[in-house]
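Colleague: Show me how the following folds:
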Amino acid sequence: MIQRRSALAVLAALPLAAGAQDSKPIKLLVGFPAGGGTDAIARLLAEALQASLGTPVIVENKPGAGGQLAAQALKAAPADGTTFFVSHDHTISILPLVLKNPGFDPAKDFVPVAGFATFANAIALSGGTPASSLPEYLAWVKKQGGQGNVGIPAPASVPEFLVKLLGEKNGLNLLSVPYRGSAPMIAEMLGNQISAGVGSVPDLITHHQQKKLKIVAVMGLQRQAVLPDVPTFAELGITGFEDLPYYGLFAPAGTAPAVVERFSNALAGVIAQPGVKAKLAELGLSVGHMSPAQLATRERAYAAAWAKIIRTGGFQPQ
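Modeller: Predicted coordinates:
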């Protein structure tokens, strides 16, 4: 009965005008540290949703283990429409494939609410690295004895598989150096403590534009609108990274369908606002709303594709 009353309270708050701040705050969980791309995206959405719903919307960072801690927190949260998880593909689709016991099962423990964007992962070079393209970087590593360290935001992730494939295709010993999110990885890249890193375009774009880092290749079938001069991996002869990862919003299992639908619709309205859409695009996102059913379909297809890649590569769940 308590959960039902809480859900009804949230439903009642959704159509209210901004300023009616008497409802229980809504939390958006983020599995990475403040200062990273996912955090910036969540805070932009939180501000817009708060104005739209007239209900306080706060971001709560639970960094660690590639978003695993935040996912576990979502599983444990009450299904009353007050806790949601802003996540990309790594936590939802990849972690269950590479961990024997991630502590959550997306199919059983979460409810898809809405997808709101796709994005590209990319490889970037530190300012002190004497190369201006991916081929030049690989040639430089070869001259250093064939061994190089490449930063990644989390272990057993798409960036790690990309680094492994790059090394194998070019006869190099490229070693992935995992960090607790993109922010600490980029900090060390900016300090030239590591020569290169793989992360999302939203994480890297500002530093690239400021010429502090140089993005030299991106995932996807076509070049990114914010990076028209940067080739795709496929253009450089590196295939298997054409399917773009996604961003979505998830709720705990058991959340009332009416709450899911209303929040999904609210998010659709928010990302359609010209100002919000433009800011998300500036972060390197291709913005578009996916319904709960569409997000569920996208997640299953993405996980199935990567399950095949992971098996082919011989990776054993840890």
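Colleague: Now the element after the helix or strand containing residue 137, going C-ward?
Modeller: Following DSSP states H and E, one finds residue 137 within helix 134-143. Downstream of helix 134-143, the first helix or strand assigned by DSSP H and E is strand 147-152.
Colleague: how about the residue lying closest to residue 305 once chain neighbours are set aside, phi and psi?
Modeller: Once flanking residues are discounted, residue 305 sits nearest to residue 243: 5.8 Å by CB to CB, 6 or more residues apart in numbering. The way it works is simple: take the backbone N, C-alpha and C, and place the C-beta from them, glycine included. With angles defined as degrees, to the nearest 10, residue 243 sits at phi -80, psi 120.
Colleague: quick one, what contacts the one residue sitting closest to the centre of the chain?
Modeller: Centroid-nearest residue in the chain: residue 88, 3.3 Å away (criterion: CA atoms, centre = their mean). Applying CB atoms under 8 Å, 6 or more residues apart in numbering, one finds that residue 88 lies in contact with 38, 119, 200, 245, 246, 247, 248.
Colleague: Next, work out how far apart the third one and residue 283 are.
Modeller: Distance of residue 200 to residue 283, computed by CB to CB, to the nearest Å: 9 Å.
Colleague: which of these two has more neighbours?
Modeller: Neighbours were counted for residue 200 and for residue 283 using other CB atoms under 10 Å; residue 200 has more, 29 against 20.
Colleague: which neighbours do residue 200 and residue 283 share?
Modeller: In contact with both residue 200 and residue 283: residue 37, using CB under 8 Å, 6+ apart.
Colleague: circling back to that earlier point, surely the residue nearest to residue 305 and residue 302 touch.
Modeller: Yes. Taking CB atoms under 8 Å as the definition, residue 243 is a contact partner of residue 302 at 6.7 Å.
Colleague: Tell me the strands beside the strand of greatest length in the chain, with direction?
Modeller: Longest strand of the chain, by residue count under DSSP state E: strand 110-118. In the sheet, strand 110-118 lines up against strand 246-252 (antiparallel), strand 286-290 (antiparallel) (DSSP bridges).
Colleague: what's the following helix or strand after the shortest one?
Modeller: Put plainly, it is strand 286-290. Next along from strand 286-290, by DSSP H and E: helix 292-312.
Colleague: what residues does the helix holding residue 137 touch?
Modeller: So helix 134-143 is contacted by 123, 125, 129-131, 147-148, 166, 170-172, 174, 195-196, 216-217, 231, 236 (CB under 8 Å, 6+ apart).
Colleague: now those: which count as buried?
Modeller: Neighbour counting with 16 or more other CB atoms under 10 Å marks 123, 125, 129, 131, 148, 166, 170, 172, 174, 195-196, 216-217 as buried within the contacts of helix 134-143.
Colleague: Just the ones in strands from those residues, please.
Modeller: Residues of those located in strands (DSSP E): 123, 125, 148, 174, 196, 216, 217.
Colleague: What is the most widely separated pair among these?
Modeller: 148 and 217 (15.1 Å; CB to CB).
Colleague: re earlier: mind putting the strands paired with strand 110-118 into TSV with mean neighbour count, distance to residue 45 and mean pLDDT?
Modeller: Below are the strands paired with strand 110-118 laid out as TSV (neighbours: other CB atoms under 10 Å; distance: least, CB to CB, whole Å; pLDDT from 0 to 100):
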stretch	mean neighbour count	distance to residue 45	mean pLDDT
strand 246-252	25	8	97
strand 286-290	19	11	96
